[in-house]
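Following is a predicted model, sequence given first.
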Amino acid sequence: KCKTVKIDFNDLTVQHDETLEDLPSLEELADALPESTPRYVVLSYVVNHADGRVSYPLVMMQYTPAMARPDHKMLYAGTRIDVGRALGSNGKVLELFDSEELTDEWVLAELGLKL
């Protein structure tokens, strides 16, 4: 399950953007991200460990595409920590600049997990 959250630039409020249920892959999430507007992404990620355990870390990403306006990039960067806390992130916010890079390997590497 995944939720995207955006900042409304008119009144500077954080708003729910979209909920994506039953994502078959991160590539589908990458396809749903806008090409020129930043988003926060909160993802319940499934990690299958080598010893058979399964964990479900809550992963928060700040998606800031290269084509985004500079003032939008700054606004997202400046609010990342506060939005992360409000959304239940445990501290680490992954920074994604190109949706094409959003793969399982990238998420696991950013989380510092080797399976």
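Looks like it arrived, so ask away. Numbers count the residues shown, from 1 in each chain.

Near residue 14, how many other residues are there?
15 (other Cβ atoms under 10 Å). Placement of C-beta: from N, CA and C, glycine included.

tell me which element it is part of?
For residue 14, the host element (DSSP states H and E) is strand 13-20.

With residue 76 instead?
Per DSSP H and E, residue 76 falls inside helix 70-86.

in the strand holding residue 14, what's buried?
By neighbour count on 16 or more other Cβ atoms under 10 Å, the buried set for strand 13-20 is residue 17.

Return the distance of the helix or strand just after it from the chain's centre.
Later in the chain than strand 13-20, the nearest helix or strand by DSSP H and E is helix 26-32. Computed by Cα atoms, centre = their mean, to the nearest Å, the chain-centroid distance of helix 26-32 equals 11 Å.

what residues does the helix holding residue 76 touch?
Contacting residues not belonging to helix 70-86 are listed as 5, 7, 9, 12, 14, 37-38, 40, 60, 62, 64, 91, 93 [Cβ atoms under 8 Å, 6 or more residues apart in numbering].

switch the cut-off to 6 Å
The contact list for helix 70-86 (Cβ atoms under 6 Å, 6 or more residues apart in numbering) reads 7, 14, 38, 40, 60, 62, 64, 93.

what kind of secondary structure is the first one in?
Three-state call for residue 7 (DSSP: H, G, I helix; E, B strand; the rest coil): strand.

so what's it up against?
Listed by Cβ under 6 Å, 6+ apart, the contact partners of residue 7 are 14, 75.

same thing but 8 Å
For residue 7, the contact set (Cβ under 8 Å, 6+ apart) comprises 13-15, 38, 72, 75-76, 79.
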